[in-house]
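model the following, please.
(chains A, B, C and D)
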There are 4 protein chains.
Amino acid sequence: MELGLIGLGKMGFNMAERLKLAGHKVVGFDFNKEATAKLTQTGSLGVNSLEDLVKNLSAPRAIWIMVPSGDPVDQTIAKLEALLEKGDTIIDGGNSNYKDTQRRHAEVTNKGLEYVDCGTSGGVWGLKEGYSLMIGGDKAPVERLRPIFEALAPSPTEGWGHVGPSGAGHFVKMVHNGIEYGLMQAYAEGFSIMKAKEPLGLDLTQISHIWQKGSVVRSWLLDLTAAALDNNPTLAGLEAWVPDSGEGRWTVTEAIDLNISAPVITESLIRRLRSREENNFTDRMISIMRGAFGGHDVKKA
Amino acid sequence: MELGLIGLGKMGFNMAERLKLAGHKVVGFDFNKEATAKLTQTGSLGVNSLEDLVKNLSAPRAIWIMVPSGDPVDQTIAKLEALLEKGDTIIDGGNSNYKDTQRRHAEVTNKGLEYVDCGTSGGVWGLKEGYSLMIGGDKAPVERLRPIFEALAPSPTEGWGHVGPSGAGHFVKMVHNGIEYGLMQAYAEGFSIMKAKEPLGLDLTQISHIWQKGSVVRSWLLDLTAAALDNNPTLAGLEAWVPDSGEGRWTVTEAIDLNISAPVITESLIRRLRSREENNFTDRMISIMRGAFGGHDVKKA
Amino acid sequence: MELGLIGLGKMGFNMAERLKLAGHKVVGFDFNKEATAKLTQTGSLGVNSLEDLVKNLSAPRAIWIMVPSGDPVDQTIAKLEALLEKGDTIIDGGNSNYKDTQRRHAEVTNKGLEYVDCGTSGGVWGLKEGYSLMIGGDKAPVERLRPIFEALAPSPTEGWGHVGPSGAGHFVKMVHNGIEYGLMQAYAEGFSIMKAKEPLGLDLTQISHIWQKGSVVRSWLLDLTAAALDNNPTLAGLEAWVPDSGEGRWTVTEAIDLNISAPVITESLIRRLRSREENNFTDRMISIMRGAFGGHDVKKA
Amino acid sequence: MELGLIGLGKMGFNMAERLKLAGHKVVGFDFNKEATAKLTQTGSLGVNSLEDLVKNLSAPRAIWIMVPSGDPVDQTIAKLEALLEKGDTIIDGGNSNYKDTQRRHAEVTNKGLEYVDCGTSGGVWGLKEGYSLMIGGDKAPVERLRPIFEALAPSPTEGWGHVGPSGAGHFVKMVHNGIEYGLMQAYAEGFSIMKAKEPLGLDLTQISHIWQKGSVVRSWLLDLTAAALDNNPTLAGLEAWVPDSGEGRWTVTEAIDLNISAPVITESLIRRLRSREENNFTDRMISIMRGAFGGHDVKKA
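Numbering: from 1, shown residues only, chains lettered A, B, ... in the order given. Next comes the predicted model:
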């Protein structure tokens, strides 16, 4: 079937390619003209305006948005609302906050359009391995988009599903990313402990490969970690600085709102925050307190 | 080659079977005569005394101990020292504390025997999928045992390795289990958050299956979780009570000894401790404090 | 000076009394007619409508709101706006979220009234010991209210201050309560550890009293704890169940918004959430996973 | 009464002074001859050998050890055992691990001497305000030393107590210090959050003083913090680097051994470990994982 695709970045471009390989017609837009030109070269159609995007699709249209969460999504929807017709569907495949999604669903369907949210996991590997898709929204448009989901997913029957009403897809993706934070932190702590046990002279790369087969901790993240250690066994040149892109902190505040204790996901987020605090004020407060009651030496900057 | 195997429990029995299928001769001992009889029925040799075990193996012997950590290992070693000859090797394949392993290595090698430690992961699935083996000890005995490791591992070249001197195998297995605690807690928290989001009516079983393919959080633990949810989607009949068997707490104290901060592995252990605290005293202390300063109502038992 | 006081609950009634003892004229309103009658009996004036409250105060009026945070504050403000005159001041002395306070300040001042926020600490002890007051808002109304603050505070020059613009008072009070969560959890954990060390037979009440004098951990919370243990040394009859009233979770989400890592305040909140989770789903998920990979026994309900 | 005092450092010297002021005769020893000379100048007796120390005390003697925990305590005891007589008492007033204390008690009493452990809190302020004393050991020697405890404590009837058998004093002091870690971390986090809320322009020094009176978080630690902020309101010149001296990590491992969940004390320790990890390996591991699955940019060193 036909799909409009807005946003030809790391994720979007690969998704277009995977859809094309499955026989779908993709019309792609991006503000970056190099990206649209490149898309055309690969055999899909890259266009340089949303008007052209809409014009090149037959009704009822399906337009997949793959842009940064927040304002860019709202702005894109506003423009599309002016161009689309009753019965057309907008799919937000990015990492939007599910509350925004529910608000947008109400607004968009109020105008006679359909609105579907799709949490999309798989990163840069999705082109080859397929994307895990967590889909929220009304039944009819989700069903109509089935060929797209079957093509993007690892297989037509695996790795995707309609998980609930509007917002459910992004909610599940949010939790997925929260879990991901916890998994990464658990592995990273384990490797740090092994590295610190200097008398044993452990080879972290070797161990990561051993664990890939037969161990209880084997996982795709471990596979990637082993490959990364092959390339850079000492993590040379990397800063101890970890950003977070939203879903982790949303998971944490959602857990609190739901009165669910989630210490490990929370702590994983807190450690990322900590990694970006320079000249940590909390530690300096403790240092000055120790000096105050115990006469303990404090380390001077 | 020939291998003596002491301990025919859940793990040991399956290991004997996997070795036999690979063409090795296994002589197995257990205090449980049903287990030894059953071993004989499967085509290996079950014996009812350590003397018989040793007698049925040609020198230089290799005897794999698969018994609960702690005293049972020391007692088994003491008996074996009286029966074995110079050049024979004892392998501890259980979850011993690596410090005990290093002590035992010194004692056993002092008597002219060899001592190898092997962290063994794979649980009840090892028979079919192979075991992940993390091996510590001196080079010569480890090299001599290569055929055994190649047969137990998922493949001759994968899932096993000689990771360092005596104790290194058990150290790496300890950290492996510490990571495992963190991974389990991360998944469990995520599923709890989704369950609590009642208005979305999420189907945890469905989601676990979606994530198995293409998602960033796919793993063997997730595969098992999905299968477990197939059988028991509401976790009916389970108590919210989680034991811990040693490696987790050893990892935590080792991290502290090494001055490495490992909050997620630590918190995962703490939550297991918490699960077993009934009528939690800490919470009651906080309750009485709140009543004391704020006149807040406390919940009466 | 004169002060209108809305809300004659645990906190409000005592504040009226402390103000009266300092020579101020308090006109108090509450929906509860028993409370207003009781106020009149103590020598202040209790009234049964906001109209009467306003009528009994001379302009420029100062009206202190001491009602539950959230809608009750907005509803009270809406009614007062209809009754008050330009130059009158509303003071919110409750535990409002500072963001609500900033919004209300904009709305109220837009109508020619003044709006001051005052974080009020001290609990049921404030009548006798005075209240700690953290005040936010514009300079002029705060300065005009100085006699009220001096009377409510532990002393005219101690325990109160104008900490910043609108919202600053409630922000500082919010953080105060976040710290309070951490302090309580730290003490409670320590007492739990001592209680669990059964062979030493420690007397928690005795220890709490020892620490009151000369120790590094002496504090007002400890004083209250010692008194509470005098009354109930085994915490008999208390449920291990701890509510949270908002400021703790606001502190945690604020820290995240500010990219500040605050693990101990966060963990203190998480433990309160945990105290209210019955038949903990996270623990049951871990239990089922352990059964799945290791064949470990799970505890049946 | 007479007391021998070994160790005239920060704590020991002040204790000698406090005892002298209460009318006791103190004979003090330190390897540092300046310290012993200074002690003599203050009116007590400083000596330069343990022989002289013992010689200058009448039997039954009481000798208080105030030296760093670990080997120095064992070495001092060994020397004293050779010099003392049946019925003499050794008091360990330092921060020894309670397990060492119990071992030493068995050894020392086996030789006919008495052994008392005393957890001593109060830091550099003890001279003026008195020390909080948590005492463990047998009843007779503790009772005999009562005049010493009454003089060191804040008052004869407050701030000290015999809390249990040998080791109990050091156990309670260990937990005291664990709580202290948690309290400090809670305050420090709160101040960090307020500092980060830049638009409010909060004055941390002012707030610390406000909270000293009437607030729920008032404490001696807060008093010291307020004084420290008076001197250095921006914590200028301090490194974000916090040591830990043993009791905190002992508390954490003890809690684990007792199967008590103590997340806040534990996390407070973990943050101290974190403060000393440079170029944090865990964070770099997470960074490389993010790059591996998501193509996320990593920050280069």
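
residue contacts, residue A:196?
Shown in contact with residue A:196 (Cβ atoms under 8 Å, 6 or more residues apart in numbering or on different chains): B:258, B:259, B:260, D:281. The C-beta positions use only the backbone N, C-alpha and C, and glycine is treated the same way.

can I get the buried part of those as one ChimeraX selection?
In ChimeraX, this line selects whichever of the contacts of residue A:196 come out buried by 16 or more other Cβ atoms under 10 Å in any protein chain shown:
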select /B:258,260 /D:281
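
now the contacts of residue A:196 in JSON lines, with pLDDT, secondary structure and distance to chain A?
Formatted as JSON lines, these follow (pLDDT from 0 to 100; DSSP: H, G, I helix; E, B strand; the rest coil; distance: Cβ to the nearest Cβ, whole Å):
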{"residue": "B:258", "pLDDT": "98", "secondary structure": "coil", "distance to chain A": "4"}
{"residue": "B:259", "pLDDT": "98", "secondary structure": "coil", "distance to chain A": "7"}
{"residue": "B:260", "pLDDT": "98", "secondary structure": "coil", "distance to chain A": "5"}
{"residue": "D:281", "pLDDT": "96", "secondary structure": "helix", "distance to chain A": "4"}
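
reformat the contacts of residue A:196 as a markdown table; add distance to residue A:101.
Shown next, in a markdown table, are the contacts of residue A:196 (distance: Cβ to Cβ, whole Å):
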| residue | distance to residue A:101 |
| --- | --- |
| B:258 | 44 |
| B:259 | 44 |
| B:260 | 40 |
| D:281 | 37 |
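
which one of the contacts of residue A:196 sits closest to residue C:213?
Set against residue C:213, the nearest of the contacts of residue A:196 by Cβ to Cβ is residue B:259 (34.6 Å).

what sits against the closest one?
Counting by Cβ under 8 Å, 6+ apart, residue B:259 has contacts A:196, D:273, D:276, D:277.

just the ones of those in helices?
When DSSP state H is applied, the contacts of residue B:259 are split such that A:196, D:273 fall in helices.

farthest pair in the contacts of residue B:259?
By the measure Cβ to Cβ, A:196 and D:276 form the most distant pair in the contacts of residue B:259, at 11.9 Å.

just checking, residue A:177 touches residue A:244?
No. Using Cβ atoms under 8 Å, residue A:177 makes no contact with residue A:244, being 9.4 Å away.

comparing the two, which residue is more hemmed in?
residue A:177 (24 against 19; other Cβ atoms under 10 Å in any protein chain shown).

how about the residues of the stretch 1-150 of chain A that lie near chain B?
A:121, A:122, A:123, A:126, A:129, A:130, A:131, A:132, A:133, A:134, A:136 (Cβ under 8 Å from any Cβ of the partner chain).

where do the strands of chain A begin and end?
Secondary structure of chain A by DSSP state E: the strands cover A:2-6, A:25-29, A:45-47, A:62-65, A:89-92, A:114-121, A:132-137, A:160-164.

would you list every one of the helices in the stretch 201-301 of chain A?
Per DSSP state H, counting those that start in this stretch, the stretch 201-301 of chain A carries helices over the ranges A:204-212, A:220-231, A:247-257, A:263-275, A:281-294.

just say which of those helices is most tucked in.
Comparing the helices of the stretch 201-301 of chain A on average neighbours per residue, with mean count of other Cβ atoms under 10 Å in any protein chain shown, the densest one is helix A:263-275 at a mean of 28.

in a markdown table, list the residues of the stretch 1-150 of chain A next to chain B along with neighbour count.
Converted to a markdown table, the residues of the stretch 1-150 of chain A next to chain B look like this (neighbours: other Cβ atoms under 10 Å in any protein chain shown):
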| residue | neighbour count |
| --- | --- |
| A:121 | 26 |
| A:122 | 29 |
| A:123 | 21 |
| A:126 | 23 |
| A:129 | 16 |
| A:130 | 22 |
| A:131 | 28 |
| A:132 | 29 |
| A:133 | 29 |
| A:134 | 30 |
| A:136 | 29 |
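
tabulate the residues you listed (JSON lines), appending distance to residue A:102 and pLDDT.
Below are the residues of the stretch 1-150 of chain A next to chain B laid out as JSON lines (distance: Cβ to Cβ, whole Å; pLDDT from 0 to 100):
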{"residue": "A:121", "distance to residue A:102": "21", "pLDDT": "93"}
{"residue": "A:122", "distance to residue A:102": "24", "pLDDT": "88"}
{"residue": "A:123", "distance to residue A:102": "26", "pLDDT": "83"}
{"residue": "A:126", "distance to residue A:102": "26", "pLDDT": "93"}
{"residue": "A:129", "distance to residue A:102": "30", "pLDDT": "94"}
{"residue": "A:130", "distance to residue A:102": "27", "pLDDT": "97"}
{"residue": "A:131", "distance to residue A:102": "23", "pLDDT": "97"}
{"residue": "A:132", "distance to residue A:102": "22", "pLDDT": "97"}
{"residue": "A:133", "distance to residue A:102": "19", "pLDDT": "98"}
{"residue": "A:134", "distance to residue A:102": "15", "pLDDT": "98"}
{"residue": "A:136", "distance to residue A:102": "9", "pLDDT": "98"}
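
who's in contact with the closest residue to residue A:11 other than its chain neighbours?
Spatial nearest neighbour of residue A:11, chain neighbours left out: residue A:66 (5.7 Å); criterion: Cβ to Cβ, 6 or more residues apart in numbering or on different chains. Residue A:66 makes contact with A:5, A:6, A:7, A:8, A:9, A:11, A:12, A:15, A:93, A:94, A:120, according to Cβ under 8 Å, 6+ apart.

save the strands of chain A as CSV, and put in distance to residue B:207 too.
Shown next, in CSV, are the strands of chain A (distance: least, Cβ to Cβ, whole Å):
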stretch, distance to residue B:207
strand A:2-6, 25
strand A:25-29, 28
strand A:45-47, 35
strand A:62-65, 22
strand A:89-92, 19
strand A:114-121, 10
strand A:132-137, 7
strand A:160-164, 6
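
just tell me which of the ones you listed ends up closest to residue C:80.
Distance to residue C:80, taken as Cβ to Cβ, is lowest for strand A:114-121 among the strands of chain A, at 42.0 Å.

quick one: the closest one near chain D?
No. Judged by Cβ under 8 Å from any Cβ, strand A:114-121 stays clear of chain D, getting no closer than 9.3 Å.
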